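Asks: how does the following fold in three dimensions:
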Amino acid sequence: MLSVHQWKEATMLTDIDTALDIKSVRIIDYATSTNDFLKALTKEQMQEEGFAVYTPNQTAGRGQRGNMWESEAGKNIALSMVFYPDFLPVSRSFLLSETVALGVKDALETAGIRPTEIKFPNDIYYDNRKAGGILIENEITGGVIASSIAGIGLNVNQDVFLSDAPNPVSMKQILGRDMNISLLLQDIISSIRQRYSLLKTGDTEVITRDYHDAAYRKSGFFQYRDANGCFTAEIVRISDDGLLHLRTDRGQERAYAFKEVSFI
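Replies: Numbers count the residues shown, from 1 in each chain. Purely as a prediction, here's the structure:
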């Protein structure tokens, strides 16, 4: 990965196609959604594993819960990558989400965003504010994940956010300077591919440990809300099937799937 020194010395590059020194990446002028574009592309012709699509102008990006992702043209990263983790049973599918999130975290921390945290299931956080999000869309065949599209939206050089999102933040706002999008994109793709190679070779304990270490609010008691109301709890673990295990301040352990519990 690039060193912090290289990031600090980097200047903005206007031609991202010539600046990007990495294989198997397609740059497109715009897209409503890079996930949708890549899904259509792979249906026409199967792409190699780790193939990526990037656009500087995503007009209708989607986040978790069906939310729209605000992204000013030319200022941010909208990226999708395809994988074929048919070695991964559906019961352990969350390992792929962890893998992608850790790859993004690795790249951001190399760029100086420290500590980068991952809010369950895969929002990218810095100091209680959301810097990015990940949307994983899987195709299931015979109890395994036949293919997966991982979409990454990252706030990079945007100064003003107009949506009603409660807590967005960009890397520029954090570091006080414009970021080199070409270098950042290159490092994110490389870091995700490196993490995915660990998943393929079965180093799942490393992925699980690193994800828990990076978890937002990983230590201490905080407020949560479920269908029955608000309660105070701490994170115990996040299992491979994507369940968030909490222990309340009364000692009761509960497990929640995504959307069944929210942070307050």
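Asks: please compute how far whichever strand in the chain runs longest lies from its chain's middle.
Replies: Secondary structure of the chain per DSSP state E: the longest strand is strand 129-141. Chain-centre distance of strand 129-141: 6 Å, with Cα atoms, centre = their mean, to the nearest Å.
Asks: helices of the stretch 51-200 of the chain, start to end?
Replies: Assigned by DSSP state H, counting those that start in this stretch, the helices in the stretch 51-200 of the chain fall at 94-110, 171-175, 181-200.
Asks: using PDB, write out every CA atom in stretch 243-254.
Replies: Only the C-alpha atoms of stretch 243-254 are listed here, as PDB (Å, rounded to 0.1, in the frame of the first residue of the first chain):
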ATOM      1  CA  LEU A 243     -25.700 -11.400  13.700                       C
ATOM      2  CA  LEU A 244     -24.700  -8.600  16.100                       C
ATOM      3  CA  HIS A 245     -24.500 -10.100  19.600                       C
ATOM      4  CA  LEU A 246     -25.100  -7.600  22.400                       C
ATOM      5  CA  ARG A 247     -25.000  -7.900  26.200                       C
ATOM      6  CA  THR A 248     -27.300  -5.600  28.000                       C
ATOM      7  CA  ASP A 249     -26.400  -3.800  31.200                       C
ATOM      8  CA  ARG A 250     -28.500  -6.400  33.000                       C
ATOM      9  CA  GLY A 251     -26.400  -9.200  31.700                       C
ATOM     10  CA  GLN A 252     -28.900 -10.500  29.000                       C
ATOM     11  CA  GLU A 253     -27.300 -11.500  25.700                       C
ATOM     12  CA  ARG A 254     -29.200 -10.800  22.500                       C
END
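Asks: how about it: buried residues?
Replies: 243, 244, 246, 254 (16 or more other Cβ atoms under 10 Å). Bear in mind the C-beta positions are built from the backbone N, C-alpha and C, glycine included.
Asks: in which helix or strand would I find residue 36?
Replies: helix 34-44 (DSSP states H and E).
Asks: do you know the pLDDT at residue 58?
Replies: You'll see residue 58 listed with a pLDDT of 83.
Asks: is it in contact with residue 154, as I believe?
Replies: No. Using Cβ atoms under 8 Å, residue 58 makes no contact with residue 154, being 11.1 Å away.
Asks: for residue 248, which non-adjacent residue is closest in space?
Replies: Leaving aside its chain neighbours, residue 248 sits nearest to residue 233 (4.6 Å; criterion: Cβ to Cβ, 6 or more residues apart in numbering).
Asks: residues contacting that neighbour?
Replies: The neighbourhood of residue 233, defined by Cβ atoms under 8 Å, 6 or more residues apart in numbering, consists of 221, 222, 224, 246, 247, 248, 249, 254.
Asks: now, those residues that are in strands?
Replies: Short answer: the contacts of residue 233 in strands (DSSP E) are 222, 224, 246, 247, 248, 254.
Asks: quick one: the longest strand of the chain to helix 34-44, angle?
Replies: 20 degrees (axes from the mean of the first three to the mean of the last three Cα atoms, to 10 degrees).
Asks: only C-alpha atoms, please: export strand 129-141 in CSV.
Replies: Extracted in CSV, the C-alpha atoms of strand 129-141 (Å, rounded to 0.1, in the frame of the first residue of the first chain):
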residue,chain,number,x,y,z
ARG,A,129,-19.4,10.5,11.5
LYS,A,130,-20.1,8.5,8.3
ALA,A,131,-17.3,8.7,5.7
GLY,A,132,-18.6,5.9,3.5
GLY,A,133,-20.8,2.9,3.1
ILE,A,134,-20.8,-0.5,1.5
LEU,A,135,-23.6,-2.4,-0.3
ILE,A,136,-23.0,-6.1,-0.9
GLU,A,137,-25.4,-7.9,-3.3
ASN,A,138,-25.0,-11.7,-3.5
GLU,A,139,-26.3,-14.3,-6.0
ILE,A,140,-27.0,-17.6,-4.2
THR,A,141,-26.7,-20.9,-5.9
